[in-house]
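S.K.: Dropping a prediction and its sequence here:
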Amino acid sequence: MLDQVKTDIDSLMAEIGRNARAAARPLAIATADQKNRALEAMAAEILAHREAILAANAIDLANAKESGVAASFIDRLTLTAERIEGIAGAIRDIAALKDPVGDVIAEWDRPNGLHIERVRTPLGVIGVIYESRPNVTADAGALCLKAGNAVILRGGSDSVNSSQAIHSCLVAGLKAAGLPEHAIQYVPVTDRAAVGAMLSGLGGAIDVIVPRGGKSLVARVQSEARVPVFAHLEGLCHIYVDKSADLDMAKKIAVNAKMRRTGICGSMETLLIDRAVADTHLAPLVEGLVAAGCEVRATEEIRAHIPNLVAATEADWSTEYLDAILSVSLVDGISGAIEHINRWSSAHTEAVIAENPAVVERFFTEIDSAILLHNASTQFADGGEFGMGGEIGIATGKMHARGPVGVEQLTSFKYRVRGTGQVRP
């Protein structure tokens with residue numbers, strides 16, 4: 001019986017791969033107007049079917065609550081009328097972006113008269129594997145379409161009803177614009193064998209895999225994938241408050257970075273404070289976070305100043321809480337902050353609060369995370385906030401797609417070389 005199930009899943013995934021590869025060809029040459037009409041129709045369909053999407057999400061939420069998952073997980077899974085408006089708005093923002101396909105990135109002439117252009121081109125077929133966020137279904141589908149790619153979406157079992165409801169709206173938008181309905185496919189089974197099939201590349205059908213989820217998912221993808229991966233590791237995001245920082249600004253940013261939404265990957269997980277201003281900055285920063293409902297885990301040095309805090313262990317420095325919990329430490333200025341971040345960071349997002357330009361310059365130069373901010377909340381680590389219309393995720397690797405993965409990051413390039421009869425001697 002198990003062998004039969006595996007055979008059925010293998011057959012299903014092979015068919016999905018063939019359909020995606022077939023859809024990728026017309027997508028690669030689709031006009032900007034065709035793609036934008038599809039995106040506008042998708043946004044309209046999502047708004048028109050918001051009640052059906054909310055009803056599907058209610059089923060997912062009931063199942064998740066019955067299984068006793070964490071509050072941060074529930075937050076990521078939850079859709080509201082406002083969030084559905086945001087999903088539709090993000091799709092329309094993507095439609096308003098410049099079409100990247102065919103964009104000339106660079107061009108130059110050679111002494112022999114050859115004219116060379118480097119031009120953006122679609123990647124082909126992208127596989128996106130994600131967990132509890134149903135909005136990723138819309139973001140990933142829309143971004144891949146805008147960049148001229150077919151996409152195979154495999155969401156988490158916890159959000160399957162919500163994601164399928166959203167996916168049906170995306171397919172309706174494709175049909176309305178006369179584009180292949182298999183350009184955006186959602187894997188309809190929750191068996192993990194489907195993930196394994198995608199990681200194998202589906203017989204050459206998939207060109208790139210984008211994982212978006214927890215450490216175990218990303219580790220599996222990186223270990224088993226036989227195609228290139230745009231890795232999205234966990235968000236061990238840090239903020240360093242320098243002795244030159246404006247204290248009121250630091251308090252406002254710290255509370256926002258941790259507590260605005262604790263369950264997103266751009267949420268601050270560790271706060272580092274310059275030891276030189278422990279007497280003036282430490283208590284106000286910690287008290288502001290505690291007052292906002294945050295549990296603070298601190299070093300013994302800090303607990304000597306503020307005794308009622310939870311004692312931090314070494315495991316705290318490598319933990320992505322995704323909850324109203326924060327680890328706090330004192331460091332010896334910018335050098336101490338750089339040392340701590342370079343040891344513990346997942347290379348996602350870090351911020352420095354400082355008025356000293358030399359401190360900011362060292363922070364930007366000596367830390368190699370995908371996103372670095374000065375005097376701003378880490379919660380801005382988001383493709384929409386970057387003006388990219390949306391994102392599939394935050395890539396923390398060193399490939400060309402790093403930071404928010406938007407439409408440009410979902411393209412490759414080719415060279416066009418124009419001559420007048422040249423031959424090589």
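M.R.: Perfect, thanks for sending it. Small disclaimer: the values here were computed from a predicted structure and weren't measured.
S.K.: low-scoring stretches of the stretch 51-200 of the chain, by residue?
M.R.: Across the stretch 51-200 of the chain, nothing is flagged by pLDDT under 70.
S.K.: Look up how far residue 401 lies from residue 27.
M.R.: Residue 27 is 19 Å from residue 401, where distance means Cβ to Cβ, to the nearest Å. No exception for glycine: its C-beta is placed from N, CA and C like everyone else's.
S.K.: nearest residue to residue 312 other than its sequence neighbours?
M.R.: residue 297 (4.2 Å; Cβ to Cβ, 6 or more residues apart in numbering).
S.K.: isn't the one you found right next to residue 315, touching?
M.R.: No. In this structure, residue 297 is not within contact of residue 315 by Cβ atoms under 8 Å, at 9.9 Å.
S.K.: Mind checking which of the two has more residues around it?
M.R.: The neighbour comparison of residue 297 against residue 315 (other Cβ atoms under 10 Å) goes to residue 297, with 23 against 9.
S.K.: I'd like the distance between that one and residue 35.
M.R.: Distance from residue 297 to residue 35, by Cβ to Cβ: 47 Å.
S.K.: swap in residue 300?
M.R.: Residue 300 is 57 Å from residue 35, by Cβ to Cβ.
S.K.: can you check residue 101 too?
M.R.: 9 Å.
S.K.: So for residue 278, what's the pLDDT?
M.R.: Model confidence at residue 278, given as pLDDT, is 96.
S.K.: Would you list the phi and psi of it?
M.R.: phi -60, psi -40 (degrees, to the nearest 10).
S.K.: show me what contacts it?
M.R.: Contacts were defined as Cβ atoms under 8 Å, 6 or more residues apart in numbering; by that measure residue 278 touches 305, 330.
S.K.: ok, 10 Å please
M.R.: 243, 301-302, 305, 330 (Cβ atoms under 10 Å, 6 or more residues apart in numbering).
S.K.: likewise residue 44?
M.R.: Residue 44 sits in contact with 88, 91-92, 169, 172-173, 176, where contact means Cβ under 10 Å, 6+ apart.
S.K.: hmm, which two among these are most spread apart?
M.R.: Distances among the contacts of residue 44 were taken as Cβ to Cβ; the most separated pair is 92 and 172, at 15.7 Å.
S.K.: ok so, going back, would you write a ChimeraX line that selects the buried entries of the contacts of residue 44?
M.R.: Here is the ChimeraX command that selects the buried residues among the contacts of residue 44 (16 or more other Cβ atoms under 10 Å):
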select :88,91,92,169,172,173
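S.K.: wait, isn't residue 180 in contact with residue 29?
M.R.: No. If you go by Cβ atoms under 10 Å, residue 180 and residue 29 don't touch, sitting 11.9 Å apart.
S.K.: Those two - which one has more neighbours?
M.R.: Ranked by neighbour count (other Cβ under 10 Å), residue 180 and residue 29 place residue 180 first, with 18 against 11.
S.K.: Can you pull the phi/psi pair for the more buried one?
M.R.: phi -60, psi 130.
S.K.: do residue 237 as well
M.R.: Torsion angles, degrees, to the nearest 10, at residue 237: phi -90, psi 140.
S.K.: In contact with it, which residues are there?
M.R.: 257-258, 264-270, 320, 341, 345-346, 348-351, 369, 371, 373, 377-379, 381.
S.K.: one more time with 6 Å, if that's ok
M.R.: The contact partners of residue 237, by Cβ atoms under 6 Å, 6 or more residues apart in numbering, come to 268-269, 348-349, 378.
S.K.: As JSON lines, these with pLDDT, distance to residue 229 and secondary structure would be great.
M.R.: Supplementary listing: the contacts of residue 237 in JSON lines, determined by pLDDT from 0 to 100; distance: Cβ to Cβ, whole Å; DSSP: H, G, I helix; E, B strand; the rest coil:
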{"residue": "268", "pLDDT": "98", "distance to residue 229": "26", "secondary structure": "strand"}
{"residue": "269", "pLDDT": "98", "distance to residue 229": "24", "secondary structure": "strand"}
{"residue": "348", "pLDDT": "93", "distance to residue 229": "16", "secondary structure": "coil"}
{"residue": "349", "pLDDT": "96", "distance to residue 229": "20", "secondary structure": "strand"}
{"residue": "378", "pLDDT": "97", "distance to residue 229": "24", "secondary structure": "helix"}
